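Enquirer: here is the input, now give the coordinates:
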Amino acid sequence: RRVAQALVTTDSEWETGRTRRPQKEFSVMVPSRFEGWLGSAACVALTLMTIFMVVGATTAAPKSPPHIVFIVADDLGWNDVGFRGTRIKTPNLDALAKGGIILDQYYVQPVCSPSRASFMTGRYPFRYGLQHYVLQGGHDYGLNLNETMLPEKLKEGGYMTHAVGKWHLGMCSWQHTPTFRGFDSYFGFYGGGEDYYTHEHGGYDMRRDKQPNCGEGCSESAYEARGKYSTTLFTEEAVRVVQEHDTDKPLFLYVPFQAVHAPDEVPDSYVKPYEGVIADPKRRTFAGMLSALDEGVGNITKALMTKGLWDNLVLVFSTDNGGPIAAPGCPICGDRTGANNYPLRGGKHTLWEGGVRGTAFVHSKLLALPGSKASGLMHAVDWFPTFLELAGVDPVLPPGFPLDGMSQWSMLNGSAAGKRDEIVHNIDPLHNVDGPMKRGGGGDAALRKGDWKLMLGAPGPPDVWSADPGINDTDTDDAMVVVETQPDHLHERLHIAVATQNTTVQLFNVTADPREMHNLAAENQDVVKALLSRLTDIASSAAKPLFSFGPPDPKSNVKLFNQTWTPWAEKC
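Expert: I've put the predicted structure just below:
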């Protein structure tokens, strides 16, 4: 069997000394079983693509709206994928990334639900009250029903729309579930996390919604999924959707995988190749989880090619937030899975770069400059208008619903520079340094403007740095926290008056200092004042957070629904 050859960058900015020169033609291995992936004869080689890198190459515009496949990994760290030089093998992701456009300045929200809301609405979460933490099971709120959803808009362009995987945008009423929000079908779990095999988190949560507006009397709990690994389940379902698709219509397929979110669970066959390669068992299990996800992406890709959709298709891969990491005294780091955000500071739950700078790429035969890197600013809200431009659909929203996203297709296709010079990372009046479930704390906010990043309040924890996994790949608690002699001013705080309160202010030049080691607020007070003024203007349109600190609605109790999570409210 041929060993996979993945195209790896030679850009010294990434992993100097651990890369090899790109090949003009390559094939990728998609193992049907992971046993033997590093040497056994049990793997099946599949040629995914042949790409000729021609400087200045151009491509014809699509004859019809392209198929769009949007794959989301959950809790993937900045430095977890193979194309960034780690020892985790992701040959399919590597090949797609290296034959497409890697997004180098791409941002998401610090946690799950806000990022998914950004994808689906093209609007920052602070505009509709989802800026604080994630949706909690049993609480009577979700993404507001007056928000226009991406699949709803794509249907204006004649798209068939299907979702497979994690929803996490609300389930208090049937109207909050996927097939009432524009999807023609849905298979997955409504909540935010669960066991990969039992599909339980306080109750069973795996649904099959076969048609639009599939609620009570239509939606089925997929009990046959018990005992089956979710990454495999979602891959098989996505492949089925592709195989059954009517090729006369454009396809939008949204695949938000559960992986690599906690808990740390994966079949042993995916972990065995890393024995003796990665020392820390937590990182080793994480590597297996990511390898299973990579295999799933390869199988979906194969199905798209077999169906004849590949030549007129845009595939996007994105994380939903940075990887969760460990840190001393961190009360919200319990969901750490072995992810790594090297060389960035912080991780999931934080406004540090390690929490909001995301791994993403675009792959398509429609790209004019495949094999390159986009360095312009881009945010999760940009996918909404970008996909709609590809679909030929006007992204206009109802009055009173400003669109924050900008179509970035011209940047992705190499015909223009990026349109963004500003990103609102968040405006959250509830954030507390002791964790999202604690009241008060003064809140936090962050704004990126050009090279500058202003942060108010408590952007972390964790506020430490991941160790370089290319050096040790152990990622034990000690290795995760880089113990360095920090500059004295690193932990200084500049207090300035904002309204009637003193607020902690930090300012970083994240272009020159992507690790956020040097707080430059004291010596750049003119920049601080200008960004504070801008942030104050934006905050005037922020909605009150919907997050509830109270107990779940008793009507949501799974005991009332055969131990199964089920929408319980007529309105919420």
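
Enquirer: just so I have it, where are all the strands in the stretch 201-350 of the chain?
Expert: Along the stretch 201-350 of the chain, counting by DSSP state E, counting those that start in this stretch, strands occupy 207-209, 220-221, 251-256, 313-319.

Enquirer: direction included, what does the second one pair against?
Expert: Read that as strand 220-221. The partner list of strand 220-221 in its sheet, established with DSSP bridges, is strand 207-209 (antiparallel).

Enquirer: can you list contacts of the partner strand?
Expert: For strand 207-209, contacts defined as C-beta atoms under 8 Å, 6 or more residues apart in numbering pick out 177-179, 183, 185-190, 218-222. C-beta coordinates here come from the backbone N, C-alpha and C atoms, glycine included.

Enquirer: give the buried subset of these as a ChimeraX selection command.
Expert: Below is the selection syntax for ChimeraX that covers the buried ones among these, with 16 or more other C-beta atoms under 10 Å defining burial:
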select :177,178,179,183,185,186,187,188,189,190,219,221,222
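
Enquirer: which of the contacts of strand 207-209 lies closest to Ile71?
Expert: Each of these was checked against Ile71 using C-beta to C-beta; the closest is Gly188, at 13.3 Å.

Enquirer: using CSV, write out every CA atom in stretch 509-516.
Expert: In CSV, the C-alpha atoms belonging to stretch 509-516 read as follows (Å, rounded to 0.1, in the frame of the first residue of the first chain):
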residue,chain,number,x,y,z
ASN,A,509,0.2,44.5,18.7
VAL,A,510,-0.8,41.0,17.7
THR,A,511,1.0,41.3,14.3
ALA,A,512,4.4,41.9,15.9
ASP,A,513,3.5,40.0,19.1
PRO,A,514,1.1,37.2,18.3
ARG,A,515,1.9,35.5,21.6
GLU,A,516,0.5,38.5,23.5
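
Enquirer: quick check: buried residues in that stretch?
Expert: Of the residues in stretch 509-516, 509-510, 513-516 count as buried by neighbour count, 16+ other C-beta under 10 Å.

Enquirer: average pLDDT for that stretch?
Expert: Regarding stretch 509-516, the rounded mean pLDDT is 97.

Enquirer: which residues are in contact with that stretch?
Expert: Stretch 509-516 is contacted from outside by 343-346, 352-353, 448, 451-453, 465, 508, 518, 520, using C-beta under 8 Å, 6+ apart.

Enquirer: kindly recompute the last result at 10 Å.
Expert: 105, 342-346, 351-354, 357, 375, 448, 450-453, 455, 459, 463, 465, 482, 490, 506, 508, 518-520, 524, 527 (C-beta atoms under 10 Å, 6 or more residues apart in numbering).

Enquirer: what residues of the longest helix anywhere in the chain count as buried?
Expert: The residue-count maximum for a helix in the chain (DSSP state H) belongs to helix 281-307. By neighbour count, and taking 16+ other C-beta under 10 Å as the criterion, the buried residues in helix 281-307 are 282-305, 307.

Enquirer: show me how far it is from its chain's centre.
Expert: 16 Å (C-alpha atoms, centre = their mean, to the nearest Å).

Enquirer: quick check: angle from that helix to strand 313-319?
Expert: Here helix 281-307 runs at an angle of 170 degrees relative to strand 313-319 (axes from the mean of the first three to the mean of the last three C-alpha atoms, to 10 degrees).

Enquirer: buried residues in stretch 401-408?
Expert: Of the residues in stretch 401-408, those buried under the neighbour-count criterion (16+ other C-beta under 10 Å) are 403-408.

Enquirer: chain center to that stretch: distance?
Expert: Counting by C-alpha atoms, centre = their mean, stretch 401-408 is centred 18 Å from the centre of its parent chain.

Enquirer: just the mean pLDDT for it, thanks.
Expert: This predicted structure assigns stretch 401-408 an average pLDDT of 98.

Enquirer: ok, now stretch 220-230?
Expert: 98.

Enquirer: same thing with stretch 263-274?
Expert: For stretch 263-274, the per-residue pLDDT averages 97.

Enquirer: quick revisit: which one of the buried residues of stretch 509-516 is nearest Tyr124?
Expert: Within these, distances to Tyr124 taken as C-beta to C-beta reach their minimum at Val510, with 18.9 Å.

Enquirer: which residues are in contact with the residue nearest to Gly460 when sequence neighbours are not counted?
Expert: The spatial neighbour of Gly460 that comes closest, neighbours along the chain excluded (C-beta to C-beta, 6 or more residues apart in numbering), is Thr350 at 4.2 Å. If a contact means C-beta under 10 Å, 6+ apart, then Thr350 has 110-111, 321-322, 324-325, 327, 330, 332, 341, 356, 431, 444, 446, 455, 458-463 as its contacts.

Enquirer: just the ones of these in helices?
Expert: Restricting those to those inside helices, with DSSP H as the criterion, leaves Val356.

Enquirer: and the contacts of Thr350, which of them are buried?
Expert: With burial judged by 16+ other C-beta under 10 Å, the buried subset of the contacts of Thr350 is 110-111, 321-322, 324-325, 327, 330, 332, 341, 356, 431, 444, 446, 455, 458-463.

Enquirer: re the thing from before, mind putting the strands of the stretch 201-350 of the chain in a markdown table, distance to Gly129 included?
Expert: Below are those laid out as a markdown table (distance: least, C-beta to C-beta, whole Å):
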| stretch | distance to Gly129 |
| --- | --- |
| strand 207-209 | 25 |
| strand 220-221 | 29 |
| strand 251-256 | 21 |
| strand 313-319 | 23 |
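
Enquirer: nearest approach to Leu412 belongs to which of these?
Expert: Set against Leu412 and scored by C-beta to C-beta, those come closest in strand 313-319, at 8.7 Å.

Enquirer: all helices for the chain, in order.
Expert: Read by DSSP H, the chain holds these helices, from start to end of the chain: 12-15, 91-98, 112-121, 150-156, 230-243, 268-271, 281-307, 353-356, 383-391, 409-412, 477-480, 525-539.

Enquirer: could you point out which of those helices sits nearest Lys166?
Expert: Taking C-beta to C-beta as the criterion, helix 112-121 is the member of the helices of the chain that comes nearest to Lys166, at 7.8 Å.

Enquirer: Thr232 reaches Tyr196, doesn't it?
Expert: Yes. If you go by C-beta atoms under 10 Å, Thr232 and Tyr196 touch, sitting 9.5 Å apart.

Enquirer: give me the common contacts of those two.
Expert: Each of 267, 292 lies in contact with both Thr232 and Tyr196 under the rule C-beta under 10 Å, 6+ apart.

Enquirer: more crowded one of the two?
Expert: Remark: of Thr232 and Tyr196, Tyr196 carries more neighbours, 23 against 15, as counted by other C-beta atoms under 10 Å.

Enquirer: which residues touch the more buried one?
Expert: When contacts are taken as C-beta under 10 Å, 6+ apart, Tyr196 is in contact with 228-233, 258-259, 261-267, 289, 292.

Enquirer: how does it look with 8 Å?
Expert: 229-231, 258-259, 263, 265-266.

Enquirer: just the residues you listed now: which is nearest Asn79?
Expert: The shortest approach to Asn79 among these belongs to Ala259, at 16.9 Å (C-beta to C-beta).

Enquirer: setting aside sequence neighbours, what's the nearest residue to the closest one?
Expert: Across the structure, with C-beta to C-beta, 6+ apart as the measure, the residue nearest Ala259 apart from its sequence neighbours is Leu293 (4.4 Å).

Enquirer: just the pLDDT for that neighbour.
Expert: 98.

Enquirer: swap in Ile427?
Expert: Listed pLDDT for Ile427 reads 95.

Enquirer: adjust the sequence numbering to begin at 396 for everything that follows.
Expert: Got it, first residue is 396 now, which makes that one Ile822.

Enquirer: measure it to Gly852 for me?
Expert: 10 Å (C-beta to C-beta, to the nearest Å).
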